[in-house]
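> Sequence unavailable; structure follows:
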């Protein structure tokens, strides 16, 4: 990166069910909390990037959220848009904001997302399946999102010999971190064990209930800034050292491989732009809609050898006190999967670890970390490298 850019401020509302708030109401809650948490003024915001509210439901979505938000804030941004790339939206927002700042278009960009998660029992499952499935070659055959990811898990088990018990270890690790996070949906609950995961309700072979993320609602915001603004707002911002994106396929039946879906290419670009390697990373925050995701993406990001993701999680290395922490906020598996905003949580946590403000779960070594998110059915990928030194 030729010019220093940082995430200077982050904020996230607690994942929950908010029956009295629609998608845009959640946006307003996110804005209120963000401005309160960081004592910022609307005038500190020169740009706004937002995600369409209502996207996760597969129905009508508000595609002009940025216009509503800058009017609510009473600002006239130099850079604004509403954009959507599924779960990778917010990682790509950070990248777009960084490019705008490096070009001198703006000094600060508020990246914001909020969302509801439809209940699958009220037609939500069908709506979401239509949204992610090919209308001719997939949907008529009964597409169901957990079943699509179950194919990825089954393929990894076939190619590399990973086991359902190793998938369960991913969920166990995430729960241990969530029990250290007061904002996590699972905070105050019981720890998981491999047996408890495997004995929970079957969903789609090899997945059981605890292999699946918790569908909730929420939202988050982060401010991407120039070096000058970052140093004014935060004594320890999270510097954006590298970034990469890659778009692999639209529908899952067009993926050339189910164990090499494009994450590796985004990761390679991010490491190269940072001038770093996987061995330089201290932690990883990875989008984990299902327990197979971190297992596959740890391999694609070069953080463990190909085919050894299951052994990595089985070793306990990802858990509190382990050699390489993963999803230190509890992941979508135990923190909560907040609908349209779900791709925010791992970026917020990555930045918090770098800033040193993660409370009980703060890592003793968090100098450089990798954050990976994706959209669609593992379709479009964003990788960010965050660090304490610019």
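Thanks, I have the structure now. Quantities reported herein were computed from a predicted structural model and do not represent experimental measurements. Residues are numbered from 1 along each chain as shown.
> Which residue would you name as the spatial centre of this structure?
Closest residue to the average C-alpha location of the chain: residue 343 at 3.2 Å, with Cα atoms, centre = their mean.
> my read is that one is in a helix, agree?
Yes: assessed by DSSP: H, G, I helix; E, B strand; the rest coil, residue 343 belongs to a helix.
> Can you verify my assumption that it contacts residue 371?
No: taking contacts as Cβ atoms under 8 Å, residue 343 lies outside contact range of residue 371: 9.8 Å. To be clear about C-beta, it is placed using only N, CA and C from the backbone, and glycine gets the same treatment.
> Look up the residues that both of the two are in contact with.
Common contacts of residue 343 and residue 371 (Cβ atoms under 8 Å, 6 or more residues apart in numbering): residue 91.
> Output the lowest mean pLDDT helix or strand found in the protein.
Within the chain, no helix or strand scores below helix 124-132, which has a mean of 76 by mean pLDDT, DSSP states H and E.
> Now do the buried residues in that one.
The neighbour-count check on helix 124-132 (16 or more other Cβ atoms under 10 Å) flags 124, 125, 128, 129, 131, 132 as buried.
> Does anything pack onto that helix? Which helices or strands?
Applying 3 or more Cβ pairs under 8 Å, 6 or more residues apart in numbering; DSSP states H and E, we find helix 124-132 packed against helix 145-160.
> Ends of stretch 98-117, what's the gap?
Using Cα to Cα, to the nearest Å, the end-to-end distance of stretch 98-117 comes out at 29 Å.
> how far is it from where the chain is centred?
Here stretch 98-117 is found 16 Å from its chain centre; the criterion is Cα atoms, centre = their mean, to the nearest Å.
> now swap in stretch 86-100 and tell me
12 Å.
> and it, which residues are buried?
Of all the residues in stretch 86-100, those buried under the rule 16+ other Cβ under 10 Å are 86-98, 100.
> Adjacent strands (with direction) for the lengthiest strand in the chain?
Ranked by residue count, the top strand of the chain under DSSP state E comes out as strand 5-16. Sheet pairing of strand 5-16 (DSSP bridges) gives strand 217-226 (antiparallel), strand 238-247 (antiparallel).
> Need the residues that contact stretch 173-180.
Contacting residues not belonging to stretch 173-180 are listed as 184-189, 191-192, 210, 288, 313, 316, 318-320, 325-331, 333-335, 359-361 [Cβ under 8 Å, 6+ apart].
> Looks to me like residue 228 is in a helix.
Yes: with three-state DSSP as the criterion, residue 228 is part of a helix.
> count of residues packed around the residue lying closest to residue 227 once chain neighbours are set aside?
The shortest distance from residue 227 to any non-neighbouring residue, by Cβ to Cβ, 6 or more residues apart in numbering, is to residue 4 (3.9 Å). For residue 4, the count of nearby residues is 20 (other Cβ atoms under 10 Å).
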